[in-house]
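# Dropping a prediction and its sequence here:
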Amino acid sequence: MITQKITPCLWVDKDAKAVVDYYCSIFKNGKMKDYRQYKNPPQGQEQGGQESFETAVMEIGDIEFSILAAGPYFKFNESVSFVINCKDQAEVDYYWDALTANGGEEGSCGWCKDKYGLSWQVVPVEYFDLINSDDPNVREKAMKNTFNQKKLILSELQ
């Protein structure tokens, strides 16, 4: 049963179950809601498709994501990212470390990529108060220090 109006769909090369397992290992309340395997019809194969493909639906952070494992035809890039609003530095550290491990990579200004190349912004919620502060000195310090960081360190932004 579809429960949300808009569902992000993540295209990956293969193994939808492994993708779901990976994200559920990071987002502790995550779960797989559905998994299917399909045989590609002949016209799909003629157009360069694989013999079969998989889909899965997972829920992480109260959002359903559709996973389409259908071959190496499309790659993620930074034009789409997901923001993780973290309650404190410990939560920032947890997600940053989990997402950049095992083939992920650090970016700048709180951005990173996971091992599949999906971009994430790992941000303490207080950050938004700092960069939108009525005090120009607070805003300037937070913005200036953002550009000097990879993982956001809240104490250096305050």
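Thanks, I have it. Numbers count the residues shown, from 1 in each chain.
# What are the structural domain limits within the protein?
9-69, 81-157 (automatic domain parsing).
# lowest confidence element among the helices and strands of this protein?
Counting by mean pLDDT, DSSP states H and E, the chain has its least confident helix or strand at helix 42-46, which shows a mean of 64.
# Can you name the next helix or strand after that helix?
As assigned by DSSP states H and E, the chain's next helix or strand after helix 42-46 is strand 52-60.
# residues of that following strand that come out buried?
Using 16 or more other Cβ atoms under 10 Å as the test for burial, strand 52-60 gives 53-60. For every residue, glycine as well, the C-beta is placed using N, CA and C.
# Which of the domains of the chain sits closest to residue 75?
When these are compared by Cβ to Cβ, domain 81-157 sits nearest residue 75, at 6.0 Å.
# what about the closest one, how long is it end to end?
By Cα to Cα, to the nearest Å, the extent of domain 81-157 from end to end equals 22 Å.
# Residue 8 versus the closest residue to residue 58 other than its chain neighbours, what's the distance?
Distance criterion Cβ to Cβ, 6 or more residues apart in numbering; nearest residue to residue 58, sequence neighbours excluded, is residue 20 at 4.5 Å. Going from residue 20 to residue 8 by Cβ to Cβ, to the nearest Å gives 14 Å.
# if you count what's nearby, which of those two comes out ahead?
residue 20 (24 against 12; other Cβ atoms under 10 Å).
# Please state the backbone phi and psi of that one?
Backbone torsions for residue 20, taken as degrees, to the nearest 10, come to phi -60, psi -40.
# OK, contacts around it?
Contact analysis of residue 20 by Cβ atoms under 8 Å, 6 or more residues apart in numbering lists 30, 32, 35, 56, 58, 67.
# Among these, which one sits closest to residue 148?
Looking across the contacts of residue 20 and measuring by Cβ to Cβ, the closest to residue 148 is residue 30, at 32.6 Å.
# Can you report how many residues lie near that closest one?
Neighbourhood size, residue 30 [other Cβ under 10 Å]: 20.
# All good on my end, thank you.
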